[in-house]
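Engineer: 3D model of this:
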Amino acid sequence: MKIAFIVWRFPVLSEAFILNQITGLIERGHDVHIHPVNGLPKNYTGKVHPVVEEYKLLERTYFPPTVPENWYVRFFQGVGLMLKNLHKGSIKTLQLFDYNKYGSEVNNLKTFYRTVSLLQDGSYDIIHCQFGTLAPIALAYRDAGIIKGKLITTFRGIDISKYVQENGINVYNQLFREGEFFLANCEYFGNRAINLGCDPQRLVIHGSGLDCSKFLFKPRYYPVDGKVKIATTGRLVEKKGIEYAIRAVAKIAQSHPNIEYNIIGDGELKNHFEQLITELNIGHIVKLLGWKQQKEIVHILDNSHIFIAPSVTASDGNQDAPVNTLKEAMAMGLPVISTIHGGIPELVQDNISGFLVPERDSDAIAQKLTYLISHPQLWEQMGTSGRARVEEKYDMNKLNDELVTIYQQMLTSPKPKQTPAQNTQELICQS
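Structural biologist: Numbers count the residues shown, from 1 in each chain. Model (predicted):
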């Protein structure tokens, strides 16, 4: 099959779940083209996930021309691109400037730039939008004849939470009418899509897989030197709730002075966290490590004892499914503390692989941390249960096989059949 992956930007370090699908399809002999409608990440430094280089994914990526900041330059250069590509059918882009039919993401000058790569070769068996927010663009381009193929859309979190809150409950009405099929990465978001009007017969819960061979299991025991190492991996943004973990660590610092809390990641709240750590006088305990490559993350987790993923509903409505970083920690045998939030309870079984606490409750996090530190005999069994959960529900190879089956059924029938593993009551989600 010839498959187009429509993404916002590429390559993005935090979107390993998309890379796992791309590489899985390539390994199965399919021709995958990557179309990042906004090009490279704004903060791109050349640092990429290892599989991007291993699979030479940039050679499969069709970047649009850079959009100039100056409006006048953008306009005249965009018109020039349209004229230059008349022989490829660029005149079709003009119909996308119908303000009564298309939204602001379509009827703007970026369209002249975004469609250039699709004009080269826009005919596909499957068009896979990796976020619901991308679907209006793909629908419009398909309507104009710029891209061809059956459209499948995956809802992953921000697109079915924050985006809906900002744009209203009818924002996906056209997509639900015209899109062939839909995936949601957890039951929580799948049910939300259905409540918004998605046909449940055209939606499957399909989590993104993990390559467990890269996250080796190790039983956790109380360290000989008594230094308990705690870890969190995630972007330093409100949704990840890291502030509440920092405050929880501060609450137990006096009673447990021999602990270390390493936070892996970067983001807009870095300065705020630095100030908070200073105010709480825990700079000797809490370390902001910044972004790390996968091998570095694995090394840090391998030498940790407890993992915290304190996700919260952000003020703008943004929510998480069970994030990859949480699954990685569980795969490596770490007992976890997370929150009753979004799709996370579908992954973390309370009192089995770890503990779940209410959102924004640093007292509850502190209580569970104290309990785990005081009961290290629980670590091994919790870690074992977590690893089993990830292997059962998130095996990358199994999930990529299922994705291929969904694609194939889309090409032969309007409604792919759910296999037992795809049933919304049985397949647990990821981010």
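
Engineer: Tell me which stretches of the stretch 151-300 of the chain form helices.
Structural biologist: Remark: helices assigned in the stretch 151-300 of the chain by DSSP state H, counting those that start in this stretch are 162-167, 173-178, 187-196, 242-252, 270-279, 294-302.

Engineer: pLDDT below threshold where in this protein?
Structural biologist: Along the chain, segments meeting pLDDT under 70 span 414-431.

Engineer: care to break it down by domain?
Structural biologist: Recorded structural domains for the chain (assignment: automatic domain parsing) are 2-209+398-422, 212-392.

Engineer: mind checking the backbone torsions on Tyr62?
Structural biologist: Backbone dihedrals for Tyr62, given as degrees, to the nearest 10, come out at phi -110, psi 90.

Engineer: I'd assumed Phe215 was in contact with Glu328.
Structural biologist: Yes - distance between Glu328 and Phe215: 5.1 Å, which falls inside the contact criterion (C-beta atoms under 8 Å). The C-beta positions use only the backbone N, C-alpha and C, and glycine is treated the same way.

Engineer: what's the overlap in contacts for these two?
Structural biologist: With C-beta atoms under 8 Å, 6 or more residues apart in numbering applied, the overlap between the contact sets of Glu328 and Phe215 consists of 298, 301.

Engineer: And stretch 229-245, end to end?
Structural biologist: Taking C-alpha to C-alpha, to the nearest Å as the measure, stretch 229-245 stretches 14 Å from start to finish.

Engineer: again, but for stretch 75-95
Structural biologist: In stretch 75-95, first residue to last residue: 16 Å (C-alpha to C-alpha).

Engineer: quick one: buried residues of it?
Structural biologist: With burial defined by 16 or more other C-beta atoms under 10 Å, the residues of stretch 75-95 counted as buried are 77-78, 81-82, 85, 88, 90, 92-93.

Engineer: who touches Lys327 in this structure?
Structural biologist: Taking C-beta under 8 Å, 6+ apart as the test, what Lys327 contacts is 210, 347, 390, 394, 430.

Engineer: could the residues you listed go into JSON lines alongside distance to Pro68 and neighbour count?
Structural biologist: Written out in JSON lines, the entries for the contacts of Lys327 read as follows (distance: C-beta to C-beta, whole Å; neighbours: other C-beta atoms under 10 Å):
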{"residue": "Leu210", "distance to Pro68": "40", "neighbour count": "24"}
{"residue": "Leu347", "distance to Pro68": "43", "neighbour count": "28"}
{"residue": "Val390", "distance to Pro68": "45", "neighbour count": "27"}
{"residue": "Tyr394", "distance to Pro68": "42", "neighbour count": "26"}
{"residue": "Gln430", "distance to Pro68": "38", "neighbour count": "27"}
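
Engineer: from the residues you listed, which is closest to Val312?
Structural biologist: Top of the list for closeness to Val312, among the contacts of Lys327 and by C-beta to C-beta, is Leu347 at 16.3 Å.

Engineer: Once you drop chain neighbours, what's closest to the closest one?
Structural biologist: Using C-beta to C-beta, 6 or more residues apart in numbering and skipping the chain neighbours, the partner closest in space to Leu347 is Pro322 (3.6 Å).

Engineer: for that neighbour, helix, strand, or coil?
Structural biologist: On the three-state scheme (DSSP: H, G, I helix; E, B strand; the rest coil), Pro322 is labelled coil.

Engineer: That one is in contact with His341, isn't it?
Structural biologist: No - Pro322 lies out of contact with His341 (C-beta under 8 Å); the separation is 9.5 Å.

Engineer: who has more neighbours, those two?
Structural biologist: A direct count of neighbours by other C-beta atoms under 10 Å for Pro322 and His341 places Pro322 higher, at 31 against 24.

Engineer: for that one, phi and psi?
Structural biologist: With angles defined as degrees, to the nearest 10, Pro322 sits at phi -60, psi 120.

Engineer: so which pair among the buried residues of stretch 75-95 is furthest apart in space?
Structural biologist: For the buried residues of stretch 75-95, the farthest-apart pair by C-beta to C-beta is Gln77 and Lys92; their separation is 18.8 Å.
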